[in-house]
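**Q** Need a 3D model of the following:
(3 chains)
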Amino acid sequence: MLSIDTQLMPRTAQRATTRRFLLWLLPWSALLIFGLYGAGLCLVEGLNQTNMDNRFAFGLWIFLDLTVIALGAGAFFTGFLLYILKKSELKAVINSAVVIGFVCYSGAVAALLVDVGQPLRFWFTFWHPNVHSMLTEVTFCITCYLTVLFIEYVPIILKNRKLRQIPSFLVFEFELHKLMPVLAGVGTFLSFFHQGSLGGLYGVLRGRPFAFREGLAIWPSTFFLFILSAAAAGPAFILLTTWVVSKISGKQLVRPEVPRLLGRISGILLLPYVLLKSIDTLVWINSTSPARGFAAQQFYAWKPFGAWLLFAEIAVFGLFPALILLRRSLRQRTGWLVFASILVCLEIALNRFVLTIQTLALPTLPFDQFLSYFPSWQETATFLGVVAYGVVTYSLSFRYLTLFPQEKDLS
Amino acid sequence: MATKTKTARYGMSIDLDRCTGCGACMVACAVENNVPPLPAQATPRTGITWMRVYEISNGQAFPDSRAAFVPILCQQCGKETPCVAVCPQEAVQVDPATGIVDQMPQRCLGCRYCMTACPYHARYFNWWDPRWPPGMETTLNPDVAPRMRGVVEKCNFCHARLHSARERAAAEGRRDLKPGEYVPACAEACPAKAIVFGDLNDPASEVSQLARDATSFRILERLGTEPKIYYRTARPWVREAAAQPRKEPGNA
Amino acid sequence: MEFTRRDLLKFTGGSAAGLMLTPAPWGLLRDSALVSETWPGVPRPAGGEISIRYTTCTLCPAGCGVRARCVNNQPVSLAGVPGQPTGAGALCPIGLLGHHFRFCGNRAHARLANGRVASLESALAGVSAAIRSCGPRESVAILDPQPGRVASLIYRRFLAGLPNGIHCTPSGSQPFGPFGIDLENTRAVVSFGVPVLDGWLSPGRVLANRGHFQLIQVEAAYSRTASLADLWAPVLPGNERDFADAVIRAMHGGAADPSAAKTAAILLRNGPAIAIGGPAADKLNAELGSFGRSGGFLPRRDYMAVTDIAQVPDGAVRVLFIEERTNSQDIAWDDLRRKLGPDAVVVALTPWLDGIARHADYVIPAPMYLESLDEAPTPDGSTVASFSLSPALLAAPANLISPADFFLRVQHSNSTYSDVIKGRVAAIKKDGGGVIHTYADGKSAAVRDVADIWKNMLAGAIWMDTAGARPMGTRRTAESQAARPAPTPTTEFPLLLLAADSPPARGTPLMSKLYRESGLRQSTGAAAINPKTGRDQGLQDGCRATIKTPDATVTVQVVFDPAVMPGAVQMAGQACSAASIRRI
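**A** Residues are numbered from 1 along each chain as shown, chains lettered A, B, ... in the order given. Model prediction:
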C-alpha cells in the first residue's frame, strides 16, 4: 500500500490495498467519464440528444431525481432522529447517511442542470421567484438543503486523520459540530418542504387528472404523501446501503440493533403511509377524477399500465414490507430486513415512476394517444454517470473518513 | 376622453364544420412568428407547431369513415391557468388587459414544467437551435424575436400584431381598437374562414355571439381552466370526439 | 511580518465578502443571462421600412391575389387579398409560403448545354440549329404547362413560323376546356377522384361555396376530400364508368348498389349538379344536362385550345421545349420520351435542376415566382375571363431568362415579354368591356373609367370580363382522355396500391410543419393499410415493410387505418397499381 494512502485512512480502519481499491474505482471512473460525455453532448448539442419530446417533457432524469432525493431523505431524517429526538443508536450511521444524502442531492442537482434547456439561467428562479409554483419551492429548498448537507459533510472530512492535524481545521470542525442540532433542525424543516413540494409538483397539475389531487389549503395530498414516503424510505435506504457496504468491504460496520431500529422506524412510517395512500386513491377514484370529467378506471385501460400497477404500489411494495418491518421476529433476521428495505426503496421508485412517466404517457385530449418513451443512450449515460459519481465519492469517503464509528469496536 | 382602455378578453370561435385541415393556419403562424423549420430528425413530437391541426375520425371503419379537423392552439386559459401557476421564474403571465397568456422566452429556464401542466399540449420546446436555410433569415418578421434553444414557446395570439394595431390606433388618437383591426395570422389565413377572433368581453362581437351559440363547446371544459377558444359543430360525433374525454376502453 | 495561513483565510474571506458588495459578480451574472438571451447563431430579423405590395400568385392556375408585407422590399409574409374575385381573399398553404421557394435547393443558376455551362448565345445558336435540322416529318413542340397566357401566344407565334410546330400541354391541364364552373349556384358535385377540398380551383372560392353543395366523392382511396365529403363512394379504379351508369340507372328508377342509389337521390333532390374527373363524369354530365346552364358549366370568352401531349404521335418530336414553372407537378418522363424521335433535343426552361432538367440537353434557367413580371390568365373553372399581373417582389439572380423572353430572342424579336404583356393590357383597354378590381382598396371600376390600367395592374389589380359572351347551349366535346389501364391484383401482387393525396411537387422549408412536425399530412414514407388486411399480410401497426409493384420497390412505415379499403394499401405520391407488401 502507498504510505500516503495509509496515512489518510482512519487509524483503526482496515481497508483494501491501494491496488485493489484502484481496481474497484476503475470501472466506476470509466462510467463517470462516459456519463460526463453523455451529459456534455446534451449541454453542447442541446436536448435533442435525449428521447424526451414535447409530450414527454420529463423523462428518465426527472424520475431519477425524484427517486434519488426521496432515498437521500435518510440524511435529514436520521439527523432529525438523532439530534432532535435523541435516538443515540443512530450515531452509528449518521455520517454515512450524510454522505449518502450529499451524493444523492448533489447528483440530482447536477442532473437537473443538464436537464434544463438553459442552465446559464439557473439563478432566474431565485431572482424572479413565483411564490405559487411548487418548483420554486423545490429549487430554493433543495439548494439550501444541499448547502446544509455540505456543511454537515465538511466536519466529517475535517475529521480525517491527516486533516485534523491542522489545528484550525480541528477548531473549525469542533465549532461546527456544536451547530449540528441547529443544522439538523434546519435540514429537517427544508427537507419537509421540498420532499413535499416534489409531490406537490404533480398534485397541483389540474390539467392532468391522473396526477391531480385535492388536499389541505394550497398543498395537495401528494405533498404529505411524499414526505411520509420519503421519511419511510430514508431509513430503509440507509439500512440497505450499510448492508451493501459491509458486504463489499467484508466488515461489520454497525451493531445489529442499528439496522433493526432503522427497519422499525421505516415500518412505523410505512404503514400509515400505505393507509393514507389507499384513502387518497379512493378519494381520487370516487371524487377528484370524475369531477374533472375523467373516470379513474379509464387511466388503467392503457397497456401496459393496468390496475396491477396500483396494486403493486400499494400492496406488494407498500403493505407487504411494512408488515415485515413491524414484526419483531422478522426484524431479527438480516435477510428479511434487507429484503423489506429493497421493497421499500422499490416502492418509492414505483411511486415516483407512476407520477412522472405514467402521468405523461396517458392521454389528456380526447383525440390523443397513449405515448411510450424510452431514454436515449445519452440520458442513460448521464444517469449512470451520477450513480458512478455517488459510488466514487462514497468509496473515497468510506476509505479515508470515519463513516461508521462502531466499526473499530466490531472489527 | 377615457383614460383607461377597455379590458378585453380576446378569444376565438373555430367552426369545425368548415375546417378542411389544409394547414394554412399552421404555416401562416410559423411565418408570422419566425418559427424555424426543424432538422430532418424532427418528428410530430419534437416539432414546433404553435397552431396544430389534429385529425379526428368518427370511429367507423371503411366505407363509413369520416374525418374532422380540430385546430389546437394555446387555449388562453382564463382561470387558474395551469402554466402560469407552475412556472418557477414567472416567465408566463396572463395579461390582465387582454386575457392573453404571455410567454417570455428570454426568462424561460427550459425546465418544461409548464409543458407537463398543459393539458392541451399547446406548448413547444426548442429541442434544437433554430436554423433557417441560408438566406432565409431575410424573410423573418422583424416584429417577433426568434427564440434560442432550450426554451419553451407557444401561441400568444400574435401579440406583435396587437402592438402594431395599438400603435396605429394611437397614431390616429384612439385608445381602443376597432373590431377587425387586430387579427392573428391564423384567423387571417384560413381559406374556409373557420376561425373567428375577437373580444369575448364585447357582447356585440361576432366571437362572443358565436361562443354563446348552442353548438359551441370548449375542449376539456370540466378541468375548469376556462379556455377562451370555443369550437362549434353541428355534427354530434365531432362534438363527442372532440369535447368529451374518450369513452372507448384504451389500447387493448 | 509573518503571513500565516490564518491571514490567508482572513484575506480570502474578506475579499469574497467585499466582492459581493461590488457590481462585479452581479454584472457577470447578468452578462451570463444576456449571453443566454442573445444566443449566438439565432438570427436577428432585419428591421427596416415596412411596405405592403400586391401581386398575384402564379404557383397554380387559380391565380389568387396576394398581399405581401415587405420589410426593406423583401416579402416577409404573404396573405390573401380580401374581396379579390379569383382567390376570394385566401391563399393555400403553398401560396402562403410562396416567398420561400427560393430556399428549396437545387436551383438552376447556370445555362447548361449537354451538362456543361454555356452562354446564352451558344444556347440560342444550338437550339436554332436543332430546329433548322428538323426533317419534313419531324416536329418542334413546346410543352406549355399553363395555356391561355400571353406567353402561350408568344409560343404559338413562334411555332406558327415553323413548318411543323406543335403547341401542346400536359394531359389534364385544361380539364374544362372553354367552360367555367358556376360553383356559386351548383347544388351537387360528383367528383371522380378530383381533390375538390384539397387543392382544386382556388380554396377561397371552393370553401366560400361549400355550404351550399353536396359533395359526392367517387374514389377508392380515403383521400382528404373523401374523408370530408357528404358521401364517399369507394369505387375501384376502372369501375368509374360502371358507377356512372348505375347512378343514371338509379335516377331513372332502376336498381343500383347503395352508393349509386344515394348519389342518385342527392342528384334528384338537389338542384343543378355537375360531375368532374374524366370520361365517367362526361357521361353523368350529359345525363344531368349540366353544360350551358346556371349551376353547371358555363362558357366564357377566352379559350385557347391546345393539343394534349398524349395526342401527339409517338416519335414525332425532334425538338421538345418544356416549360417548368415554380410549382409544376413532376412530368412523367417515360410518357414524354415516347414522343421523341431519334436524335431528339430536349430544352428545359425551368428554375429547377432536379425536375425535367435532369433529362434535358439544354437547361435554360428561368426566374421563379415573384422574381420577374409574370401574368395570371383566367383561372381554371372560372366562368368569366380575367387577367392580372404578377409583378416581381424579389430581385432575380443573374443569368435567368423567362421562357417567353427566350422564344422572343430565338425569333430575334425586339420585344420583351413585358412589352407583349403590356400589349395584352392595352387590348383590354381597347376592348372596353369588364371591370378593374383594385386590391388595395377593394373597389371596382369599369374599364373605360380607368385611365392607366397598366399602372393599376402593377400596383395590384385584376381585370374581370362581363359574364357570358357566348350563346348558351354550347356543348363541350367529350375529352378523350387515355384511360389508364385499371390495375388488377394477381397472386404475386395481391393488393391494390392506391394513390392518396400527393404532397406538393416541391416542399418549401416550412411545409415541414404539415408533413414532418405534425401528423396532419401523411409523409411519403408511410403507407396506410386496413388493419385486417395488414394482419393478414403479417404486419403490425408501425412496423417497417417493403411494398413491391411491377415497376418499383419502396420501403415504408406501416400505419393501420380502418378507413382504408380492405385489400388495399394507400400511399402518398404513388400511382395506382397492383402491389405486394412484406414486413421487414
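**Q** Just give the number of residues close to residue C:96.
**A** Per other Cβ atoms under 10 Å in any protein chain shown, the neighbour tally for residue C:96 reads 29. The way it works is simple: take the backbone N, C-alpha and C, and place the C-beta from them, glycine included.
**Q** got the contact list for it?
**A** B:24, B:27-28, B:31, B:189, C:77-79 (Cβ atoms under 8 Å, 6 or more residues apart in numbering or on different chains).
**Q** How about the residues of chain A by chain C?
**A** A:118, A:120-121, A:123-124, A:168 (Cβ under 8 Å from any Cβ of the partner chain).
**Q** if we can go back for a sec, closest to chain A out of the contacts of residue C:96?
**A** For the contacts of residue C:96, the residue nearest chain A by Cβ to the nearest Cβ is residue B:27; the value is 18.6 Å.
**Q** any idea how far that closest one is from residue B:53?
**A** 11 Å (Cβ to Cβ, to the nearest Å).
**Q** Which helix in chain B has the most residues?
**A** helix B:159-171 (DSSP state H).
**Q** packing partners for that one?
**A** Contact partners of helix B:159-171 among helices and strands, from 3 or more Cβ pairs under 8 Å, 6 or more residues apart in numbering or on different chains; DSSP states H and E: none.
**Q** Give the rounded mean pLDDT of it.
**A** Mean per-residue pLDDT for helix B:159-171: 95.
**Q** try stretch C:151-158
**A** What stretch C:151-158 shows for mean pLDDT is 96.
**Q** Residue C:117 contacts residue C:111, doesn't it?
**A** Yes - checked against Cβ atoms under 8 Å, the pair residue C:117 and residue C:111 is within contact range at 6.7 Å.
**Q** so how far is stretch A:51-70 off the chain centroid?
**A** Put simply, stretch A:51-70 sits 14 Å off its chain's centre (Cα atoms, centre = their mean, to the nearest Å).
**Q** Tell me if that stretch is near chain B.
**A** Yes - Stretch A:51-70 lies within reach of chain B by Cβ under 8 Å from any Cβ, at A:52-58.
**Q** Just the residues contacting the longest helix of chain B, thanks.
**A** Outside helix B:159-171, the residues that reach it (Cβ under 8 Å, 6+ apart) are B:32, B:98, B:100, B:102, B:141, B:143-144, B:175-178, B:181-185.
**Q** Among these, the buried ones, what's the ChimeraX command?
**A** To isolate the buried members of those in ChimeraX, using 16 or more other Cβ atoms under 10 Å in any protein chain shown:
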select /B:32,98,100,102,141,143,144,177,182,183,184,185
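**Q** quick one: which of the contacts of helix B:159-171 is nearest to residue A:410?
**A** The closest of those to residue A:410 turns out to be residue B:102 (Cβ to Cβ; 63.1 Å).
**Q** what number of residues lie near residue 334?
**A** Defaulting to chain A. A count of nearby residues for residue A:334, using other Cβ under 10 Å, gives 15.
**Q** I was thinking of chain C, sorry if that wasn't clear
**A** Other residues within reach of residue C:334 by the criterion other Cβ under 10 Å amount to 8.
**Q** Then residue C:174?
**A** With other Cβ under 10 Å as criterion, residue C:174 counts 20.
**Q** Make sure it is indeed in a helix.
**A** No - going by DSSP: H, G, I helix; E, B strand; the rest coil, the assignment for residue C:174 is coil, not a helix.
**Q** How about the contacts made by it?
**A** C:147, C:305-306, C:308, C:380.
**Q** Check residue C:539 too.
**A** By Cβ under 8 Å, 6+ apart, the neighbours of residue C:539 are C:529, C:545, C:558, C:581, C:583.
**Q** Could you rerun that using 6 Å?
**A** Counting by Cβ atoms under 6 Å, 6 or more residues apart in numbering or on different chains, residue C:539 touches C:545, C:558, C:583.
**Q** Give me the pLDDT value at the closest residue to residue C:97 other than its chain neighbours.
**A** Residue nearest to residue C:97 in three dimensions, not counting chain neighbours: residue C:508, with 4.4 Å by Cβ to Cβ, 6 or more residues apart in numbering or on different chains. Note on residue C:508: pLDDT of 94.
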